[in-house]
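In: requesting a structural model of the entry that follows:
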Amino acid sequence: MDNVLPCNVEDRLQELLLDDEETNIGNDELPVTFKDVQPGGKYVQKCCAFAQKVAIIIPYGDRKEQLDTVVRHLHRLLQSQHLCYGIYVSELAYPTVFNKGLLMNVAYLTARDEGHYDCYIFHDVDLISQKERHLYICGEKPNHMSSFNTKFGGLPYIKYIGGVLALNDTHVRVVNGFSNLLFGWGGEDDVMEMRIADKHLGLTRVSADIGRYKALPHDRDKGNPVNNDRYKMYRTLRKHTDQDGLTSLAGLYELLKVERRPLYTWIYIKCNKTEVLQKNKNIVFG
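Out: From the prediction side, this is the model:
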């Protein structure tokens with residue numbers, strides 16, 4: 001690893017906690033050197049020697065301005081924390097309805113196969129952390145990082161774990177990733193909360209002061225209508241965790257392109273909603 005620094009996560013946390021003058025950070029307030037970012041959005045310069053290697057996974061659809069804002073902010077934040085990292089953005093070809101869970105599973109496998117990461121942070125495209133001291137690392141338990149969302153004035157409900165969620169590789173494999181069967185807005189985060197609970201992994205959540213995120217305003221995505229069937233699907237999806245997720249991903253999508261863009265790796269896939277649901281009809285209609 002190039003330019004490894006003689007520090008560790010605890011050193012960096014203590015350094016940030018001692019900064020009593022810290023205020024909320026904006027889009028352009030953290031130092032960053034984009035010239036040190038390798039193609040595909042990977043950064044290996046000036047990392048703490050014992051820090052985790054982190055993959056940021058962003059499921060994306062039709063929000064280019066938000067994506068550019070969030071990716072640049074993440075580079076600033078992660079470099080300020082002396083982390084080695086890679087940023088992965090997965091997109092589903094239109095006109096298939098958005099499937100956040102499937103996109104995150106595909107991006108996870110891509111990142112795992114090429115980066116050997118210690119920590120995977122599943123990150124909505126419209127959220128910006130407002131605290132530099134909010135470390136982007138994994139712990140012994142799954143960690144809900146976005147404990148305060150300005151869109152909701154906190155959390156929309158107590159079991160909500162959407163927004164930004166940190167899982168180490170063991171966590172992801174134990175819960176079999178996300179469900180592949182929820183098309184449209186809503187449901188995948190609730191099902192993940194059930195999986196974490198059912199597998200007895202536990203869950204941590206940082207304080208609302210540290211886990212404060214600004215939600216960037218946006219209109220409803222044209223390819224992401226509300227999934228009105230999600231509540232009816234919860235019970236059967238919960239019974240089939242081991243059959244719906246990473247283990248069933250093969251054959252559900254076609255990889256169209258992987259591009260090493262300057263600030264992130266772009267993963268472009270296509271799938272057919274009808275075919276995906278039909279292949280899993282025993283789960284969907286079970």
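
In: okay, now Tyr43: neighbour count?
Out: Tyr43: 22 surrounding residues under other Cβ atoms under 10 Å. All C-beta spots, glycine's among them, are computed from the backbone N, C-alpha and C.

In: mind listing what it touches?
Out: Asp36, Val37, His75, Leu78, Gln79, Leu83, Cys84, Tyr85, Gly86 (Cβ atoms under 8 Å, 6 or more residues apart in numbering).

In: how near is Gly184 to Thr236?
Out: 17 Å (Cβ to Cβ, to the nearest Å).

In: kindly report the same for Lys141.
Out: 27 Å.

In: Ser129 now?
Out: For Ser129, the distance to Thr236 - Cβ to Cβ - is 35 Å.

In: what do you get for Asn105?
Out: Using Cβ to Cβ, Asn105 is found at 19 Å from Thr236.

In: tell me which residues of stretch 149-160 are tucked away?
Out: Neighbour counts using 16 or more other Cβ atoms under 10 Å place Asn149, Leu155, Tyr160 of stretch 149-160 among the buried residues.

In: kindly report the same for stretch 171-181.
Out: Buried residues in stretch 171-181 (16+ other Cβ under 10 Å): His171, Val172, Val174, Val175, Asn176, Gly177, Phe178, Ser179, Asn180, Leu181.

In: which helix or strand contains the most centrally placed residue in the chain?
Out: Residue closest to the mean C-alpha point of the chain, counted by Cα atoms, centre = their mean, is Phe122 at 1.1 Å. Following DSSP states H and E, one finds Phe122 within strand 119-123.

In: packing partners for that strand?
Out: strand 53-60, helix 100-115, strand 164-168 (3 or more Cβ pairs under 8 Å, 6 or more residues apart in numbering; DSSP states H and E).

In: I'd like those written out as TSV, with distance to Arg195 and mean neighbour count added.
Out: Below are the helices and strands packed on strand 119-123 laid out as TSV (distance: least, Cβ to Cβ, whole Å; neighbours: other Cβ atoms under 10 Å):
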stretch	distance to Arg195	mean neighbour count
strand 53-60	17	25
helix 100-115	11	22
strand 164-168	11	23
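
In: if we can go back for a sec, strand 53-60 and the strand holding Phe122, what's the angle between them?
Out: Between strand 119-123 and strand 53-60, the angle comes out at 20 degrees (axes from the mean of the first three to the mean of the last three Cα atoms, to 10 degrees).

In: what ranges do the helices span in the stretch 51-200 of the chain?
Out: Shown for the stretch 51-200 of the chain, the helices assigned by DSSP state H, counting those that start in this stretch span residues 64-80, 100-115, 169-174, 188-198.

In: residues contacting Tyr60?
Out: Leu67, Val89, Ser90, Glu91, Leu103, Val125.

In: try it again with 6 Å
Out: Leu67, Val89, Glu91, Val125 (Cβ atoms under 6 Å, 6 or more residues apart in numbering).

In: hmm, Ile161 is touching Glu193, no?
Out: Yes. Between Ile161 and Glu193 there is a contact under Cβ atoms under 6 Å: 4.9 Å.

In: more neighbours, these two?
Out: Ile161 (21 against 18).

In: roughly how far does the more buried one sit from Arg205?
Out: Ile161 is 8 Å from Arg205, by Cβ to Cβ.

In: between those two, what contacts are shared?
Out: What both Ile161 and Arg205 touch, as defined by Cβ under 6 Å, 6+ apart, is the set His144.

In: could you give the mean pLDDT of stretch 110-119?
Out: Summarised as a single mean, pLDDT over stretch 110-119 is 93.

In: so what's the gap between it and the chain middle?
Out: Remark: stretch 110-119 is offset 13 Å from the chain centroid, using Cα atoms, centre = their mean, to the nearest Å.

In: same question for stretch 174-181.
Out: On Cα atoms, centre = their mean, the centre of stretch 174-181 falls 14 Å from the chain's centre.
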